[in-house]
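Model the following, please.
(2 chains)
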Amino acid sequence: MPIKPLSTKSRNRFFYLLIAVFFIASPILVLYTSGYRFGEGIVSKTGGISIYLSPAGSTLYINNRAGDTLGFLSRSFFVQDLKIGNYFIEVKKEGYYPWAKNIVVYPKIVTENYAFLAPEKFILDEVLQFGKLKEGTSTTTKEVVRVATSTEEYLAVKSLFEKRKLTKAEEKKELEESLDIHKRFDLDETDDILISGKSAVYLNNNTISALWIGNVLDAPYFFRVSTSTVATTTDIFKSEEKISNIEFYPDRTDVVLIERPSGIVALQLNIGSREANLRPVFKERDSKIRVASNGAYFIKSVDGRFYRLELP
Amino acid sequence: MHEIRYFVPAYNFMEGEEKKHNISWVNKESISTPYFHVGRATDLSLGDYRLYRFLEMIPGLMAWGTIITIILLSIFAPTIAAMFIIAFDVYWVLKTAHLSYHLRHNWKRIKHNLKVDWSSMLENLKYEHIYHLVVLPYYDESEHVLNNTIEKLAESKYDLKKIIVVLGAEKRAGEDAILRGEAILLKYKEKFFDVLLTVHRDGIPGEMAGKGSNISYMAEEARKLILDAKNISYEDVLVSAFDSDTVVYPDYFTCLTWHFLTCEKPYQSSFQPVPLYNNNIWDAPAPSRVAAMSSTFWQMIQQERPEKLVTFSSHAVSFKTLYEVGYWQKNMVSEDSRIFWNLLMAHDGNYEIVSIAYPVSMDANLDSSLWQTMKNVYKQHRRWAYGSENVPYILMNFLKNKRIPLLQKIRISLVQLEGYWSLSTNPLIIFLLGWLPVMIGGNIFNQTILSYNLPIITRDLMVLSMLGLFLTAAISYSFLPPRPSNRTWRDNFSMIIQWILVPITITIFGAVPGLEAQTRLMLGRYMGFWVTPKHRGEIKVFSKGKNANI
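Prediction:
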């Protein structure tokens, strides 16, 4: 005899079981994914933190306790189930300066952070005029030095550090562009300014400040005083030394490279940054840094040597 | 444009015939309305036209309403959208479990039915009076395809002298097509009770070029030229409406006859086998195979849910029952499913489908290139999805027919609406729209724990639901015909690994054509019938002695 189709009774039994599972599982999952956890009374609200742009292999510490370590392809941490309150978080990796921050965890919110782990050693390629290997191009810092050969590039790099005499037309165009940008951000014409979308990082009297002209909800994290307060103009860092140039760190709009008499340093933009937050990039005094039109970074040391700077 | 253009009252066929062919279960009142054979809104007039037109829009409105609502919620209330998506993910996992439960049981039934000795089971019944009328319409299919179909009919265990084969050519397919039919006719005429070749004219008023008009013509010609001429009672004839590539397994007719003779209401029932797409499964590319097997699985699941089962593709029904409603509808695309709704309305709701859990085999989509094959798969699924044209038909007849119980009307309406809504929206919600709140929900939402967890939970639940694919792969593998000599073990491996394509195939060959079909119906841009091209490699599907294991 053929097997009969499933009976209505067994089908209904399974169906109603699944209905029950749905009505139990759905609210539990919705609450769980929204940050609610059992404990402290019956249900308590928790929060989370996320830390972006950490190098693979770095480890997160929360209140000095080691947590996750990033895998080969990961660049960010996400931790939830955190009780509401203050936390001291650090991201560490061998060969990098550790990154640390005090943060506040709010209920049902993920506090977002961008880590900047500066390498202890940067790689430099020396740019030579005649393509001849040159021994002993050591600098005064701990950087690994790789000697490179170059001919035409040398002149192009050299010109980056020279004030070229502009034609009148070029002068006029440059002035108009500069005025346009300064006008757009309502800044003093003398300010050195870096633009990234609707945010501007500018230098005025050795103070690095930031300005946001977009929707406050879209402002980068360094404009955020708290989860509910956004400062559209904020002073980031007041240098003890004269700052002669600033450039964005490659692929980062929250990190700048600063040219000072004592050398070139990197700084992550955070409200209230101090000298201790500076990370050395090139320690030779009176060195200069420039960015070529192709995005390559070059340094000129005080003795007139040129280096291509490789930034991770 | 609102006049009744195509309607021919079916009961006209019955005048003077009823006494000869016993009593009718059909309610004449139900089949004499203008809504009974309506193909589209333009077949009706005035208020009925407007009502039917609105009903045509419902599937599309539901699908687009869902998609637009999710998009708007994702922008303006992303938290609510995210909560809905999580609940929907849970629903999807449980639905997968629910469907797998039915699928597994039907698989057991099919495997069992393939081993049953149906001939000896028939011995206990009086069955010798039952004739089988096999309707095989064709267009430009090769003689090879037609030959293979009829060859397998001739290998049936049922008495071949009780089988009538009707080949139906289309005149517009040209003289070659007719010649191919004649060659088949000459070759097999003596093997069966009779073989008839009909040629359906093109451009008959009230007909749409397609399978429905052809097979209705074939059935009527067979009635006049064979049944009436040889005085065969309509009640004793079971019609199997096949495609030209439908290949039967040896016990198909014995199994069908047994179900017909033992079911509760043989003249108020249609009989549905399970369509496998094994004829050329080793030649078809992976996406085509997955799409074809997915259709098989859906039919298997429906076999265990008779209240949701509707005739699909190859199906069978008593000639008497069919004759009473004027055969298949000639003025629409989905004649295979519409005949069930015609019969349900004609019997005032007292009509059902008997799932016979026995397979027939058909061709998976295969063409000269992968791209062309994909296009064909898309078009075929769009045509199937255009079955949503049944929704306005069902709702209209339910509104007008007061004799059908209200609860039955509500249940059927909800099942059909949910079915077409699911087809066109569920894969989109799961695989595309589920990420939308994170993408367009704005910065405030993106800082919530919910926003961070949404992709994680969606991914995890999706992986959980994909576990059902292990069952799917196992069942599909068990249905495979023996591997042809020109294939290697790598092809066996491909038959398993192909199931990772499911998220893509159910979106591209399920949701997208479903949405297009419903949108066309909603906008009144009606579809015509598209004939699926049949291509095969070397066919070694049902070698003798291996059929029991398929």
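
Tell me the pLDDT of residue 137.
Unless you meant another one, I'm taking chain A. Turning to residue A:137, the model gives it a pLDDT of 44.

nope, chain B please
95.

for the residue nearest to it when sequence neighbours are not counted, helix, strand, or coil?
Spatial nearest neighbour of residue B:137, excluding adjacent residues (CB to CB, 6 or more residues apart in numbering or on different chains): residue B:168 at 4.1 Å. Where C-beta positions appear, they are placed from N, C-alpha and C, glycine not excepted. Look at residue B:168: counting by DSSP: H, G, I helix; E, B strand; the rest coil, its state is strand.

Residue B:168: neighbour count?
A count of nearby residues for residue B:168, using other CB atoms under 10 Å in any protein chain shown, gives 26.

Identify the bridge partners of it.
Counting by DSSP bridges, residue B:168 forms beta bridges with residue B:137, residue B:198.

so what's it up against?
B:135, B:136, B:137, B:138, B:197, B:198, B:199, B:200, B:214, B:215, B:217, B:218 (CB atoms under 8 Å, 6 or more residues apart in numbering or on different chains).

Closest to chain A out of these?
residue B:135 (25.4 Å; CB to the nearest CB).

That closest one in helix, strand or coil?
Residue B:135 ends up strand, using three-state DSSP.

next one: phi and psi at whichever residue of the stretch 451-550 of chain B sits closest to chain A?
Among the residues of the stretch 451-550 of chain B, residue B:453 lies closest to chain A, at 3.7 Å counting by CB to the nearest CB. Main-chain dihedrals, residue B:453, degrees, to the nearest 10: phi -80, psi -20.

what's around the residue lying closest to it once chain neighbours are set aside, how many residues?
Setting aside the residues directly before and after it, residue B:453 is nearest to residue A:33 in space (CB to CB, 6+ apart), at 3.7 Å. A total of 22 residues lie near residue A:33 under the criterion other CB under 10 Å.

Do a quick rundown of the strands in the stretch 51-200 of chain A.
Along the stretch 51-200 of chain A, the stretches classed as strands by DSSP state E, counting those that start in this stretch are A:59-62, A:65-69, A:77-82, A:85-92, A:99-105, A:110-114, A:123-127, A:144-147, A:192-196, A:199-204.

Out of those, name the one with the poorest average pLDDT.
strand A:144-147 (a mean of 50).

Stretch A:37-52 and chain B in contact?
Yes - looking at stretch A:37-52 against chain B by CB under 8 Å from any CB of the partner chain, the contacts come from A:46, A:47, A:48, A:50.

Quick check: residues of chain B near chain A?
So far as CB under 8 Å from any CB goes, chain B lies against chain A at B:82-83, B:86-87, B:90-91, B:94, B:97-98, B:101-102, B:105-106, B:108-109, B:112-113, B:116, B:121, B:303-306, B:355, B:357, B:442-444, B:447-454, B:456-457.

Mark which of the residues you listed are buried, thanks.
B:82-83, B:86-87, B:90-91, B:94, B:97-98, B:101-102, B:105-106, B:109, B:113, B:116, B:121, B:303-306, B:355, B:357, B:442, B:447-454, B:457 (16 or more other CB atoms under 10 Å in any protein chain shown).

where does chain B have low pLDDT?
B:1-23, B:529-532, B:534-550 (pLDDT under 70).

cutoff 80 now
B:1-25, B:528-550 (pLDDT under 80).

how far does stretch B:32-48 sit from the chain's center?
In terms of CA atoms, centre = their mean, to the nearest Å, the centre of stretch B:32-48 is set 24 Å apart from its chain centre.

Can you show me the CA trace of it as PDB?
Taking C-alpha atoms only, stretch B:32-48 is exported to PDB below (Å, rounded to 0.1, in the frame of the first residue of the first chain):
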ATOM      1  CA  SER B  32     -22.700  30.100 -16.900                       C
ATOM      2  CA  THR B  33     -21.400  33.400 -15.400                       C
ATOM      3  CA  PRO B  34     -19.200  35.800 -17.400                       C
ATOM      4  CA  TYR B  35     -16.500  35.300 -14.800                       C
ATOM      5  CA  PHE B  36     -16.100  31.500 -15.300                       C
ATOM      6  CA  HIS B  37     -13.800  31.700 -18.300                       C
ATOM      7  CA  VAL B  38     -12.500  35.200 -17.900                       C
ATOM      8  CA  GLY B  39      -8.900  35.600 -18.900                       C
ATOM      9  CA  ARG B  40      -8.300  39.200 -18.100                       C
ATOM     10  CA  ALA B  41     -10.200  42.300 -17.100                       C
ATOM     11  CA  THR B  42     -10.800  43.400 -20.700                       C
ATOM     12  CA  ASP B  43     -13.000  40.300 -21.100                       C
ATOM     13  CA  LEU B  44     -15.600  41.900 -18.800                       C
ATOM     14  CA  SER B  45     -17.600  45.100 -19.000                       C
ATOM     15  CA  LEU B  46     -18.300  48.200 -16.900                       C
ATOM     16  CA  GLY B  47     -18.400  47.500 -13.100                       C
ATOM     17  CA  ASP B  48     -17.100  44.000 -13.500                       C
END
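
And that stretch, what's buried?
Quick answer for stretch B:32-48 (16+ other CB under 10 Å): B:33-44, B:48.

Stretch B:310-322 too?
In stretch B:310-322, counting by 16+ other CB under 10 Å, buried: B:310-322.

Over to stretch A:4-19?
Applying 16+ other CB under 10 Å to stretch A:4-19 flags A:5, A:6, A:11, A:18 as buried.

Thanks a lot, see you next time.
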